[in-house]
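Trainee: What follows is a predicted structure for the sequence shown.
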Amino acid sequence: MMKPHRKKRLGIILFIATGLTIAIGLTLFALSQNIDLFYTPTQVAAGEVTPGDKVRIGGMVKEGSVDSAQDSLLVSFAATDYAHDVIVQYEGILPDLFREGQGVVVEGSLGAGGVFIADRVLAKHDENYMSVEVKKALDQAGASAANHPLMPES
Amino acid sequence: MWTWFHKLGSPKWFYDISGRWLPWLVACMAVCLVVGVIWSLLFVPQDYQQGLTNRIFYVHVPVASISLAFFPLMAIAGTVSLVWKMKLADVVVKVAAPLGAWFTALALASGSIWGIDTWGTFWVWDARLTSLLLQFFLLIGMISLRSALEDTDAAAKACALLSIVGTINMVVIKYSVLWWDVLHQPPTNFTVDNSQPNGPEIWIPLVIMFLGVYLFFVISLILSVRNEILRRERRAQWVSELAAQ
């Protein structure tokens, strides 16, 4: 059997642990808007982003929207959460994983006319790993389960 | 029911039994790491998207996973040390902190290297990376706290409480990728079907690497605990007899 003084000490520890968990949980819940790394295109469309402020926007590179200049590193594309789009302009080298249908996080500011001027483009990759052969077979079967990283629900 | 529990608290008993386990553990770890490293770094098929880069997955995932185990381990040991005043429990809390700091640093470093090639940056202040960095600083804080407090009992108490705080942070690290919008990918769901993503050709070498890295962690912990036991019990009869051999 546990001795009474031990029981009491265990009780104090559990009390402290529960209190801390609740306090930290409430803090994180209150801050959760600020903890998110990026705004979604839907939030941009709703006017949550002030033009000129330095922010990040996350979305998928819309299929067929990538337009690269022939004589410079200027590129423009639409970042989408499949509800709204944001047109992004960027001059620089894109990460290797940048491609249509891929998740990206862009850092920069919203310019006049609603075009997002990015200073930095980061590529997101999802949690699915497979060989080229498996990917090919899946594509042929028409069931590409592989491309669904960004989860725009908020 | 409590006899084994009190026996476990005896430093001498632990020193003897761990000495007998060590060679076996080291042999198993060596096999797992040799097979795991060769398999995962040379024979895993190239990823359809990341090519060879995602082979760092086989280092990063086991190391990161073990780095999350430290705070729960220290919190359990710390609680045992606070409630039952078991000597061995505080030894575990003490030696786990520097080990945890090393594993956390490795997880941060391997993740950064992976990030340079895939994300296009080695660091981003998203919830996963920031909370893991916080864990690193908590562990550094724990080491400093221990060396700052002269009184061993006070140090044991303070570190045990800090390890409970760290455990809450560990839960935040674990679920950060699900609770918030982050750059880091969520955990993978593995399948047994080889024609699907994340099939056995991906996860079998990962399991072997997991075993190797976990054994490495257990062995490092046992060695540090034995070292600290000898330091704390240096005036005990059995230690002098051991030293005289």
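Mentor: Received it, and whenever you're ready, just let me know what you need. Residues are numbered from 1 along each chain as shown, chains lettered A, B, ... in the order given.
Trainee: Quick one: neighbours of B:Ala97, just the number.
Mentor: Around B:Ala97 there are 25 other residues, counting by other C-beta atoms under 10 Å in any protein chain shown. In this view, the C-beta of every residue, glycine as well, is placed from N, C-alpha and C.
Trainee: can you confirm it is in a helix?
Mentor: Yes: the assignment for B:Ala97 is a helix, going by DSSP: H, G, I helix; E, B strand; the rest coil.
Trainee: I'd like the distance between the closest residue in space to it that isn't next to it in sequence and A:Thr18.
Mentor: Excluding its sequence neighbours, the residue lying closest to B:Ala97 (C-beta to C-beta, 6 or more residues apart in numbering or on different chains) is B:Met142, at 4.4 Å. Distance of B:Met142 to A:Thr18, given as C-beta to C-beta, to the nearest Å: 22 Å.
Trainee: So between those two, which is more surrounded?
Mentor: Taking neighbours as other C-beta under 10 Å, B:Met142 and A:Thr18 compare with B:Met142 leading, 26 against 10.
Trainee: Look at that one and report its pLDDT.
Mentor: We have a pLDDT of 94 for B:Met142.
Trainee: Could you pull up the contacting residues of it?
Mentor: By C-beta atoms under 8 Å, 6 or more residues apart in numbering or on different chains, B:Met142 lies in contact with B:74, B:97, B:159, B:162-163, B:166.
Trainee: B:Leu230 now?
Mentor: Shown in contact with B:Leu230 (C-beta under 8 Å, 6+ apart): B:15, B:239, B:242.
Trainee: what's the burial count for residue 26?
Mentor: Going with chain A. By the criterion of other C-beta under 10 Å, A:Leu26 has 10 neighbours.
Trainee: try chain B instead
Mentor: By the criterion of other C-beta under 10 Å, B:Val26 has 14 neighbours.
Trainee: Quick one: name whatever helix or strand follows the helix or strand containing it.
Mentor: Assessed by DSSP states H and E, B:Val26 sits inside helix B:11-38. The helix or strand immediately downstream of helix B:11-38 is helix B:57-67, counting by DSSP H and E.
Trainee: So which residues make contact with the helix or strand of chain B with the lowest mean pLDDT?
Mentor: Across the helices and strands of chain B, mean pLDDT, DSSP states H and E gives its lowest value to helix B:3-8, namely a mean of 71. With contact meaning C-beta under 8 Å, 6+ apart, helix B:3-8 is reached by B:13-14, B:84, B:86, B:88.
Trainee: circling back: and the helix holding B:Val26, how far from the chain's centre?
Mentor: Here the centre of helix B:11-38 is set off from its chain's centre by 16 Å, with C-alpha atoms, centre = their mean, to the nearest Å.
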